[in-house]
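**Student:** quick one: sequence plus predicted model below, questions after.
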Amino acid sequence: MTKINKKGFVLAEMLIVTVFLMVIFSILYSNFYPLLAEYEIREEYDDVDSKYEVYWIKKMIEDSTYTEDLSVLTPPDPSVASEPTFIRFNCNKVSTENEKQATCKALVKSLEVANCDDDGNNCQIYITNYQLERFKNTLKEDDTDTFTTEFKSYINTLPDFKTPSLNDAKYRVITVFNHTMANSETYTSYATIEVRK
């Protein structure tokens with residue numbers, strides 16, 4: 001009885017298995033790599049604390065006593081450059097009642113919203129249109145010191161939200177927080193959430 005030489009068959013099997021594994025790993029890598037980038041963005045920007053804090057700002061804006069006219073953010077003709085692309089949140093627009101304004105001032109102070117004065121004004125809380133394309137264009141054209149480079153970087157990481165909101169939200173609130181840790185070091189975080197008004 002003669003033996004059959006199987007060396008070529010083993011080599012072909014090994015090549016097929018190697019190619020199969022390479023295809024599997026390339027598919028895993030191409031799907032996993034964007035998740036890493038998304039994790040890095042979430043770690044640096046939209047952390048859980050900031051999302052929780054921006055939720056309470058959203059609730060103040062959605063309150064029926066908030067008097068700011070947000071409809072100017074959605075002009076009939078979006079190509080008109082003179083239309084505003086954002087409104088800064090101020091506690092004096094929350095209500096005409098002193099109690100609600102005092103609550104707002106205490107809240108933005110306790111949440112450590114950036115640049116707030118004692119009256120809860122000039123805070124780095126921006127209300128924009130739900131779709132961020134116009135706001136992003138405003139930031140690209142901005143050559144003043146109104147917005148920091150880090151803030152512009154954060155806005156550029158956000159999607160444009162071109163599809164309509166599932167909750168029929170027309171606006172979005174974007175907030176900058178300056179947190180102080182126990183050892184007196186500070187760090188900045190950012191968060192955004194949609195607003196139904």
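**Tutor:** Sure thing, it's come through.
**Student:** Y190 contacts V173, doesn't it?
**Tutor:** No. Between Y190 and V173 no contact is recorded; they are 11.4 Å apart, counting by Cβ atoms under 8 Å. Placement of C-beta: from N, CA and C, glycine included.
**Student:** wait, is H179 part of a strand?
**Tutor:** Yes. Using DSSP: H, G, I helix; E, B strand; the rest coil, the assignment for H179 is a strand.
**Student:** quick one: contacts for it?
**Tutor:** The neighbourhood of H179, defined by Cβ atoms under 8 Å, 6 or more residues apart in numbering, consists of 49, 112, 186-189.
**Student:** can you pull out the helices in the protein?
**Tutor:** When secondary structure is read from DSSP state H, the chain shows helices at 7-44, 48-62, 98-110, 133-141, 149-157.
**Student:** okay, the ones you listed in CSV with mean pLDDT and distance to D168 next?
**Tutor:** Formatted as CSV, the entries for the helices of the chain read as follows, by pLDDT from 0 to 100; distance: least, Cβ to Cβ, whole Å:
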stretch, mean pLDDT, distance to D168
helix 7-44, 78, 26
helix 48-62, 88, 12
helix 98-110, 87, 25
helix 133-141, 87, 19
helix 149-157, 87, 23
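**Student:** which stretch among the ones you listed comes nearest T180?
**Tutor:** helix 98-110 (11.7 Å; Cβ to Cβ).
**Student:** circling back to that earlier point, in TSV: the helices of the chain, plus mean neighbour count.
**Tutor:** As requested, the helices of the chain are exported to TSV (neighbours: other Cβ atoms under 10 Å):
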stretch	mean neighbour count
helix 7-44	10
helix 48-62	17
helix 98-110	16
helix 133-141	15
helix 149-157	15
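**Student:** closest one to S165 among those helices?
**Tutor:** helix 48-62 (12.9 Å).
**Student:** what is the end-to-end distance of stretch 133-147?
**Tutor:** The straight-line separation of the ends of stretch 133-147 (Cα to Cα, to the nearest Å) is 16 Å.
**Student:** next one: stretch 111-128
**Tutor:** 20 Å.
**Student:** what sits against D49?
**Tutor:** 179, 189.
**Student:** could you dump the helices of the chain into TSV and include distance to E68?
**Tutor:** Rendered in TSV, the data for the helices of the chain read as follows (distance: least, Cβ to Cβ, whole Å):
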stretch	distance to E68
helix 7-44	29
helix 48-62	8
helix 98-110	12
helix 133-141	16
helix 149-157	21
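**Student:** out of those helices, flag the one nearest N122.
**Tutor:** Of those, nearest to N122 by Cβ to Cβ is helix 98-110, at 10.4 Å.
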